[in-house]
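In: Mind looking at a prediction? Sequence and model below.
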Amino acid sequence: MRLAARNLTVNPVKWPRSAGILLHPTSLPGRFGIGDLGPEAYEFVNFLTAAGMHVWQVLPLNPTGYGDSPYQCFSAFAGNPLLISPKRLYDRRILDAAALRSAPVFPQDQVDYGRVIDFKVRLLTQAAHTFFSSASGADRTAFETFCCDNSSWLDDYAVFMSVKSAYHGALWTKWEPGLVHREPNALNRWITSHAGEIKTHKYWQFEFLRQWQELKTHCRQFGVQIMGDVPIYVAHDSADVWAHQDIFRLKEDGCPSVIAGVPPDYFSATGQCWGNPIYSWDVLKTTGYDWWIARVRGSLRLFDRIRLDHFRGFEAYWEIPGDETTAVRGRWVGGPGAEFFSALQSVLGELPVVAENLGVITPAVEAIRKQFGFPGMSLLQFAFGNDPQGPSFRPHNYERDVVAYTGGHDNDTTVGWWTSEGTQDSTRTWEDVRKERAFAQAYLGFHDEPINWVFIRAVMASVADTAIIPLQDVLGLGSEARMNLPGTPDGNWRWRCRPDALTDEHVQRLKTLVRMYDR
């Protein structure tokens, strides 16, 4: 699908009325087992353009660790090498046709992470060897410049990944003491003896950023903005925590003394225990929040807008003892508050941030959000049940300064939500589900229409400045296409869009709604 580029002038904070699609790149089709930054990504941008969509929302792009989750990554700064496109490497003559033909037959509608990792690590290692043996002078200079410009995080990340590989994936607290505590002699010995592997990890980051920036340029040419995702917390098993142990609340052995989560609520009787270490906010304050400023600056180089996950944690966060497995025995602790965002803005200017203000949201949280002019979020799936905050999710109560969704990456698909018995991801009884459906049907005024298109129309018609639709809802898929079920360690983040799924009918139906509701 080839289209003429269009112009879209956007204020960095106040965005025009628009609509977009939520689709993580891993969910793109393609023959290499996982979506990547290759031709199918460009075709998806063309689909967005044809359908009148101006926003492509993605999940965190960092290298995934535990459970293959983009919210439990080995680095908050690095890109996921699994997203590097073999086809783009072939176009640059870094891989040959035989390397591409070596790809096994992968499933089309799911990511088999174990097999994908084995294949792509082998392929990317071959690409690194080719690059270092035959790259042009210009490419070598570009690589060296990249390494220099990003040394503040890249050096630690590359060492971290090389040690982790040598220790067969073991948590960094299980390494030899000299490396755990980052003793200079131990680090220098490792860097000298593993220089080739460390350089390979740096090359993968160079190639990821090169491919991403080319895709981002394509998006800009067609007036499509990319909304990225910045989780508030980072994984304990990450280069960030290993390299900056002083800014996290850890015990002497490096294990977290307290961990993050959310308390019991309508959706979980025991809350959510995420396991991420909590920041030493007092230490961060003494540095002027330098680490966070660098993190947000890096995100703004990748994205036009950023969704700041668990925004309420900056006002107050749920602190759980580090040895707990549920969130029941936690407590609320005050966060850095408005001072934190003032520090960010003083260095970075006005921030194109969407605040994820879902869950237990207090007036104090909303006061900070409004002080800095950050749009909030609203999910239509939350509008019709027993949750006391349900009325705020109903379209007649929307403010313009909000991003409206049919559902999010932690929700079931709209079709799955409508047809399920409701006990999988909440404390709802079957009677609760029945009442919820009856209310939704009365509120939205429909009878036999497909529920996904009823929901899409509702958020598109609303006053919300931005409407975002998960691609699964455009396709009308059920629970089999759900991206994540919170609280479950396995089987998430696997869904992929089949190659033939998007049709001209989808384009026309979305375009009609975009025109009808001035998006």
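Out: Thanks, I have the structure now. Numbers count the residues shown, from 1 in each chain.

In: just how off-centre is the host helix or strand of residue 164 within its chain?
Out: Per DSSP states H and E, residue 164 falls inside helix 151-166. Offset of helix 151-166 from its chain centre (C-alpha atoms, centre = their mean, to the nearest Å): 22 Å.

In: Same question for stretch 312-328.
Out: Between the centre of stretch 312-328 and the centre of its chain there are 21 Å (C-alpha atoms, centre = their mean).

In: by contact count, what packs against the helix or strand following the helix holding residue 164?
Out: Next along the chain after helix 151-166, taking DSSP H and E as the criterion, comes helix 177-180. Secondary-structure packing of helix 177-180 (3 or more C-beta pairs under 8 Å, 6 or more residues apart in numbering; DSSP states H and E): helix 184-193. In short, each C-beta sits where N, CA and C put it, glycine included.

In: in the helix it packs on, what counts as buried?
Out: 186-187, 190 (16 or more other C-beta atoms under 10 Å).

In: swap in stretch 248-257?
Out: Residues of stretch 248-257 classed as buried by neighbour count (16+ other C-beta under 10 Å): 248-250, 254, 256.

In: just the buried residues of helix 184-193 now: which is nearest residue 158?
Out: Comparing the buried residues of helix 184-193 against residue 158 with C-beta to C-beta places residue 190 closest, at 11.0 Å.

In: quick one: average pLDDT of the longest helix seen in the chain?
Out: Ranked by residue count and defined by DSSP state H, the top helix of the chain is helix 195-221. Averaging pLDDT along helix 195-221 gives 98.

In: following that helix, which helix or strand comes up?
Out: Counting by DSSP H and E, the next helix or strand C-terminal to helix 195-221 is strand 225-230.

In: Check which helices and strands that next one sits against.
Out: So strand 225-230, by 3+ C-beta pairs under 8 Å, 6+ apart, packs with strand 55-57, helix 195-221, helix 290-302, strand 305-308.

In: So for residue 5, what's the pLDDT?
Out: pLDDT, residue 5: 42.

In: For stretch 358-365, measure first residue to last.
Out: 11 Å (C-alpha to C-alpha, to the nearest Å).

In: before we move on, back to that, okay if I get the buried residues of helix 184-193 as CSV plus distance to residue 489 and pLDDT?
Out: Shown next, in CSV, are the buried residues of helix 184-193 (distance: C-beta to C-beta, whole Å; pLDDT from 0 to 100):
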residue, distance to residue 489, pLDDT
186, 32, 98
187, 32, 98
190, 31, 98
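
In: Looking at the residues you listed, which is nearest residue 317?
Out: Each of the buried residues of helix 184-193 was checked against residue 317 using C-beta to C-beta; the closest is residue 187, at 32.1 Å.

In: List the contacts of stretch 316-326.
Out: 251, 255-263, 270-271, 273, 278, 327, 329-335, 362, 364-365 (C-beta atoms under 8 Å, 6 or more residues apart in numbering).

In: try 6 Å this time
Out: Residues outside stretch 316-326 that contact it (C-beta atoms under 6 Å, 6 or more residues apart in numbering) are 256-259, 261-263, 270, 273, 327, 330-335.

In: re the thing from before, so which of the buried residues of stretch 248-257 belong to strands?
Out: Within the buried residues of stretch 248-257, no residue falls in strands by DSSP state E.

In: got TSV for those residues, with pLDDT and distance to residue 63 too?
Out: Formatted as TSV, the buried residues of stretch 248-257 follow (pLDDT from 0 to 100; distance: C-beta to C-beta, whole Å):
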residue	pLDDT	distance to residue 63
248	98	19
249	98	24
250	98	22
254	97	20
256	98	20
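
In: for the residues you listed, which one is nearest residue 139?
Out: Among the buried residues of stretch 248-257, and counting by C-beta to C-beta, the member closest to residue 139 is residue 248, at 37.0 Å.

In: ok, the closest residue to the closest one other than its chain neighbours - contacts?
Out: Leaving aside its sequence neighbours, residue 248 sits nearest to residue 277 (C-beta to C-beta, 6 or more residues apart in numbering; 4.4 Å). Counting by C-beta under 6 Å, 6+ apart, residue 277 touches 236, 241, 248, 256.

In: Please name the bridge partners of residue 277.
Out: Judged by DSSP bridges, the bridge partners of residue 277 are residue 259.

In: Can you tell me how far it is from residue 465?
Out: Here the criterion is C-beta to C-beta, to the nearest Å. By it, residue 277 lies 35 Å from residue 465.

In: do the same with residue 60
Out: To residue 465, residue 60 is 24 Å away according to C-beta to C-beta.

In: Of those two, which one has the most company?
Out: Each of residue 60 and residue 465 has its neighbours counted (other C-beta atoms under 10 Å); residue 60 has more, 22 against 19.

In: Now name the helix or strand holding the more buried one.
Out: Assigned by DSSP H and E, residue 60 falls within no helix or strand.

In: Next up, the contacts around the residue nearest to it when sequence neighbours are not counted.
Out: The shortest distance from residue 60 to any non-neighbouring residue, by C-beta to C-beta, 6+ apart, is to residue 70 (4.2 Å). Each residue near residue 70 by C-beta under 6 Å, 6+ apart is listed here: 59-60, 64.

In: how distant is stretch 206-225 from the center of its chain?
Out: On C-alpha atoms, centre = their mean, the centre of stretch 206-225 falls 17 Å from that of its chain.

In: same check, this time on stretch 433-441
Out: Centroid separation for stretch 433-441 versus its chain: 31 Å, with C-alpha atoms, centre = their mean.

In: same question for it, mean pLDDT?
Out: Stretch 433-441 shows a mean pLDDT of 94.

In: Please apply the same query to stretch 295-314.
Out: For stretch 295-314, the mean confidence score works out to 97.

In: Contacts for it next, please.
Out: Under C-beta under 6 Å, 6+ apart, the answer for stretch 295-314 is 76-77, 225-232, 335, 340, 344, 352-357, 361, 365.

In: Which strands or helices does the helix holding residue 164 pack on?
Out: helix 195-221, helix 239-243 (3 or more C-beta pairs under 6 Å, 6 or more residues apart in numbering; DSSP states H and E).

In: Any buried residues in the longest one, and which?
Out: Put plainly, it is helix 195-221. Buried-residue list, helix 195-221, by 16+ other C-beta under 10 Å: 197-212, 215-216, 219.

In: Could you find the closest non-adjacent residue to the most far-flung residue of the chain relative to its centre?
Out: Going by C-alpha atoms, centre = their mean, the residue of the chain most distant from its centre is residue 185, 36.5 Å out. Take residue 185 and drop its neighbours on the chain: the residue closest to it by C-beta to C-beta, 6+ apart is residue 178, 7.0 Å away.

In: Pass me the low-pLDDT residue ranges in the stretch 1-150 of the chain, would you?
Out: Along the stretch 1-150 of the chain, the parts satisfying pLDDT under 70 run over 1-13.

In: got the residue ranges for the strands in it?
Out: Along the stretch 1-150 of the chain, counting by DSSP state E, counting those that start in this stretch, strands occupy 18-22, 55-57.
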